[in-house]
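A.B. asks: Predicted model and sequence below, questions to follow.
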Amino acid sequence: MSENNTLSATSSRSSSRTLLTWILGALSIFAPFSTDMYLSGFPLIAQDFNADISQVQLSLSTFFIGVAIGQLFYGPLIDRFGRRIPLLVGIALFIVSSLMILYVPTIEGFVGLRFLQAVGGCSGMIISRAIIQDLYDEQEGAKALSLMMVVQTVGPITAPVLGAYLLVFDGWKAVFTFLVAFGLVCWLVTYKFIPESLPVEQRQKQSISQTLGVFGHFLKNWRFMAPTLAGAFSNAVMFCFITGSPFVLMQLFGMERETYGWMFSATAAGMVVTSQANSMLLKRYTPQRLFTASIIVSLLAAATLVLVRNTDSLWLLMVPLFVCVSMVPMVCANSIAIAMAASGKDVGSASSLIGVTQFAFAGAISAIVGALHNGTSLPMCGMILVCTVLAFVINTFSPKHTARV
């Protein structure tokens with residue numbers, strides 16, 4: 001009887017942790033939902049506000065700025081005041097700003113509210129990682145991050161399709177109505193199921209100068225920065241793909257829009273598979289070993305991609321491209337777990353710095369892919385190779401790599 005009770009308790013605890021991880025994953029997709037869903041509605045927004053497309057595009061740039069600033073803001077905040085309250089306040093800010101966007105009369109107001117929406121929405125990205133670090137050790141944390149990556153990677157893939165249907169249904173405001181509803185559901189689920197994971201006695205009491213010193217400490221800590229930078233370059237591979245693949249596949253290879261959509265779904269499925277494979281492999285191998293192995297696989301696939309980029313065979317190009325993108329969740333989940341394990345007591349600040357680094361690198365690399373556009377597949381394929389080479393070099397010469405592999 002005692003053994004049965006123990007098994008039941010273990011199963012219940014495992015189910016509870018799985019539910020918690022799925023919720024945290026959902027909280028981390030506010031950003032892709034808020035950007036990718038409304039892209040095809042730019043002309044409608046410009047028309048309704050009697051504005052230029054360039055002014056509407058500014059709302060996207062403003063959102064990115066809000067995410068970057070918000071991530072720096074939340075880290076020290078949650079280390080000082082705990083995880084739960086800042087998370088609930090951040091989601092509430094996202095809901096209110098999304099609702100106000102439905103009634104804003106000017107394009108300037110729209111752009112400003114997008115900034116507030118980003119500051120609120122990015123709370124889930126930062127705080128979810130901190131909660132995992134609070135509750136799990138490095139090995140279990142990597143498993144939880146792998147499951148989170150399933151949700152995170154599906155978000156950017158499905159958001160444009162969902163947004164397109166909403167735009168057809170009721171215009172661009174339908175997208176923001178959906179975001180309000182999504183935010184409300186997330187707030188209620190967070191209120192009911194997400195615990196406070198940072199005890200009062202473990203919270204930091206730091207001045208602004210001390211907080212800046214914490215960030216400075218992380219920047220000088222190569223055990224933290226090496227996996228952070230390597231993971232950020234690997235994460236940028238997905239943004240190279242998102243930026244460059246529409247032209248390469250639809251213009252150069254003549255792929256139909258419907259086929260292109262199915263291809264995205266297949267890529268998302270590949271990312272889900274590698275995320276789950278990472279969780280299983282972590283039962284036998286350390287995050288560092290899997291991190292190194294996944295970077296090597298990515299590097300070989302990226303080199304192959306560049307070699308075959310001029311092929312007339314779509315499938316010959318798609319195989320290495322699929323491998324490169326599918327490996328992103330495995331690389332990123334283990335890189336974050338390794339970096340967070342080296343963060344010490346300032347978990348929130350560490351999570352902020354990881355988020356800012358990944359977001360900044362992804363945005364910069366995708367912009368470079370666009371700027372290098374020359375009517376060929378080289379900008380996309382070449383930047384994927386550059387990102388994987390840099391990730392490999394950083395990991396190879398990192399102290400963590402030398403010490404454990």
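C.D. replies: Nice, I can see it. Treat the numbers as computed from the prediction; the structure is a model and nothing was measured.
A.B. asks: tell me the domain boundaries of this structure?
C.D. replies: Listed by automatic domain parsing, the domain ranges of the chain are 1-204, 206-405.
A.B. asks: give me the element Ser216 is part of.
C.D. replies: Not Ser; residue 216 is Gly. Using DSSP states H and E, Gly216 falls within helix 208-220.
A.B. asks: pLDDT on that helix, on average?
C.D. replies: For helix 208-220, the per-residue pLDDT values average out at 74.
A.B. asks: Distance-wise, check Met271 relative to Ala118.
C.D. replies: When Cβ to Cβ, to the nearest Å is applied, the distance between Met271 and Ala118 equals 24 Å. For glycine as for every other residue, the C-beta is placed from the backbone atoms N, C-alpha and C.
A.B. asks: right, I mislabeled it, should have said Glu256
C.D. replies: Distance, Glu256 to Ala118, using Cβ to Cβ: 34 Å.
A.B. asks: Looking at these two, which has the bigger crowd around it?
C.D. replies: Set side by side, Glu256 and Ala118 show unequal neighbour counts under other Cβ atoms under 10 Å, the larger going to Ala118 at 27 against 10.
A.B. asks: ok, now which ones touch the more buried one?
C.D. replies: Residues in contact with Ala118 (Cβ atoms under 8 Å, 6 or more residues apart in numbering) are 31, 34, 62-67, 70.
A.B. asks: Among those, name the ones in strands.
C.D. replies: Secondary structure from DSSP state E places none of the contacts of Ala118 in strands.
A.B. asks: Need the buried ones from those residues selected in ChimeraX.
C.D. replies: Here is the ChimeraX command that selects the buried residues among the contacts of Ala118 (16 or more other Cβ atoms under 10 Å):
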select :31,34,62,63,64,66,67,70
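A.B. asks: Which residue, other than its chain neighbours, is closest to Gly382?
C.D. replies: Counting by Cβ to Cβ, 6 or more residues apart in numbering, the nearest residue to Gly382 once its immediate chain neighbours are dropped is Val306, at 6.4 Å.
A.B. asks: What count of nearby residues applies to that neighbour?
C.D. replies: When neighbours are defined as other Cβ under 10 Å, Val306 has 16 of them.
A.B. asks: next one: Arg129
C.D. replies: Using other Cβ under 10 Å: Arg129 sits among 27 other residues.
A.B. asks: Met340 is in contact with that one, correct?
C.D. replies: Yes - under the criterion of Cβ atoms under 8 Å, Arg129 makes contact with Met340 at 6.7 Å.
A.B. asks: any common contacting residues for those two?
C.D. replies: 351, 354.
A.B. asks: wait, what's in contact with the closest residue to Trp187 other than its chain neighbours?
C.D. replies: Across the structure, with Cβ to Cβ, 6+ apart as the measure, the residue nearest Trp187 apart from its sequence neighbours is Ile91 (4.6 Å). For Ile91, the residues meeting the contact criterion (Cβ under 8 Å, 6+ apart) are 27, 120-121, 123-124, 183, 186-187, 190.
A.B. asks: Could you do Met100 as well?
C.D. replies: Listed by Cβ under 8 Å, 6+ apart, the contact set of Met100 reads Leu113.
A.B. asks: Next up, identify which helix or strand it is on.
C.D. replies: For Met100, the enclosing helix or strand under DSSP H and E is helix 84-101.
A.B. asks: now that helix: mean pLDDT?
C.D. replies: Confidence over helix 84-101, taken as the mean pLDDT, stands at 95.
A.B. asks: Distance from stretch 17-32 to the middle of the chain?
C.D. replies: Centroid displacement of stretch 17-32 relative to its chain, using Cα atoms, centre = their mean, to the nearest Å, is 11 Å.
A.B. asks: Please write out the alpha-carbon positions of that stretch in PDB.
C.D. replies: Taking Å, rounded to 0.1, in the frame of the first residue of the first chain, the C-alpha atoms of stretch 17-32 are listed here in PDB:
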ATOM      1  CA  ARG A  17       5.400  19.500 -13.600                       C
ATOM      2  CA  THR A  18       4.300  18.700 -17.200                       C
ATOM      3  CA  LEU A  19       1.300  20.900 -16.900                       C
ATOM      4  CA  LEU A  20       3.400  23.700 -15.400                       C
ATOM      5  CA  THR A  21       5.900  23.400 -18.200                       C
ATOM      6  CA  TRP A  22       3.200  23.600 -20.900                       C
ATOM      7  CA  ILE A  23       1.700  26.700 -19.300                       C
ATOM      8  CA  LEU A  24       5.200  28.300 -19.100                       C
ATOM      9  CA  GLY A  25       5.700  27.500 -22.800                       C
ATOM     10  CA  ALA A  26       2.400  29.200 -23.700                       C
ATOM     11  CA  LEU A  27       3.400  32.300 -21.700                       C
ATOM     12  CA  SER A  28       6.600  32.500 -23.800                       C
ATOM     13  CA  ILE A  29       4.800  32.900 -27.200                       C
ATOM     14  CA  PHE A  30       3.200  36.300 -26.700                       C
ATOM     15  CA  ALA A  31       6.000  37.800 -28.900                       C
ATOM     16  CA  PRO A  32       5.600  35.600 -32.000                       C
END
